[in-house]
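Student: Sequence first, predicted coordinates after that:
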Amino acid sequence: MNDILRISWPDLQWIATCTSDRWQARIGDPHLMGWITVFAYALACVLAIAVRRHLPRHPSGQRFFWSFLALILAFLAVNKQLDLQSLATAAARCTAQLQGWYGERRGVQVTAILSLILLTGLYGLILLWIIRKAFWQNAVALTGLTAILAFVLVRAVGFHHVDALIGHSIAGVRMNWVLELSGIALVAINAAAHLLSIRRDGPT
């Protein structure tokens, strides 16, 4: 692991060249459903920003929660078409080839995967603690965020059997569309409910 961290400037240049040969910036999902998903992320992000702006400053943690949601949704909207996880994968493979541990990359992959899962779980627990006083007002959005992050983790980690399952189609509708859009919809629904409540009753 220490060898991975010790990378010289010439090594970085080589890795950058190798990565650019493996990955190019282009539209990752040019199909209709890809753009529908991008629009859904963008719409949910706008709603999250609107909720954050209208919520009062009080210790329930809701403003932080909706700010966090907006950032995540904005990133995922961009990442949906740029496919940045493929860029990270290409850079990691080039680094492994340069440093001679490509044949032993499975151990590094497992460590990276477990670290990503643990880090996501830790952030989730912190988020739950922050909004504990307003949990039920935001439970639907939190469920949606959990579904989205679980979907993204599965795709990023590349569990082939699970990936094949969610890529399965029923009557022409792919399950990954349903899972991803359902999570986004839950966030948007909770945001819309917040905005309607604020408009009707005023900030509380």
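Tutor: Perfect, I can see it now. Please read these numbers as outputs of a predicted model, since none were measured by experiment.
Student: for the protein, what are the low-confidence residue spans?
Tutor: The model of the chain has pLDDT under 70 over residues 1-7, 9, 25-28, 57-60, 101, 105, 108-109, 156-175, 202-204.
Student: show me where it has helices.
Tutor: 2-5, 9-22, 32-54, 62-82, 84-99, 105-130, 135-157, 160-166, 175-201 (DSSP state H).
Student: what angle do the second one and helix 84-99 make?
Tutor: Just to be clear, that refers to helix 9-22. Relative orientation of helix 9-22 versus helix 84-99 (axes from the mean of the first three to the mean of the last three CA atoms, to 10 degrees): 130 degrees.
Student: Output the contacting helices and strands for helix 9-22.
Tutor: helix 84-99 (3 or more CB pairs under 8 Å, 6 or more residues apart in numbering; DSSP states H and E). Every C-beta, even on glycine, is put in place using the N, C-alpha and C of the backbone.
Student: orientation of the helix it packs on relative to helix 135-157 in degrees?
Tutor: Between helix 84-99 and helix 135-157, the angle comes out at 40 degrees (the same axes, to 10 degrees).
Student: got the angle between helix 84-99 and helix 62-82?
Tutor: Interaxial angle of helix 84-99 relative to helix 62-82 (the same axes, to 10 degrees): 70 degrees.
Student: Columns mean neighbour count on top of the helices of the chain, output as TSV?
Tutor: Below are these laid out as TSV (neighbours: other CB atoms under 10 Å):
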stretch	mean neighbour count
helix 2-5	8
helix 9-22	13
helix 32-54	18
helix 62-82	19
helix 84-99	17
helix 105-130	12
helix 135-157	18
helix 160-166	11
helix 175-201	17
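Student: Against residue 86, how distant is the closest residue to residue 117 other than its chain neighbours?
Tutor: Leaving aside its sequence neighbours, residue 117 sits nearest to residue 153 (CB to CB, 6 or more residues apart in numbering; 6.8 Å). The gap separating residue 153 from residue 86 is 15 Å, by CB to CB, to the nearest Å.
Student: do residue 98 as well
Tutor: Noted for residue 98: a distance of 19 Å to residue 86, by CB to CB.
Student: And for residue 141?
Tutor: Going from residue 141 to residue 86 by CB to CB gives 28 Å.
Student: Also residue 124?
Tutor: Residue 124 is 25 Å from residue 86, where distance means CB to CB.
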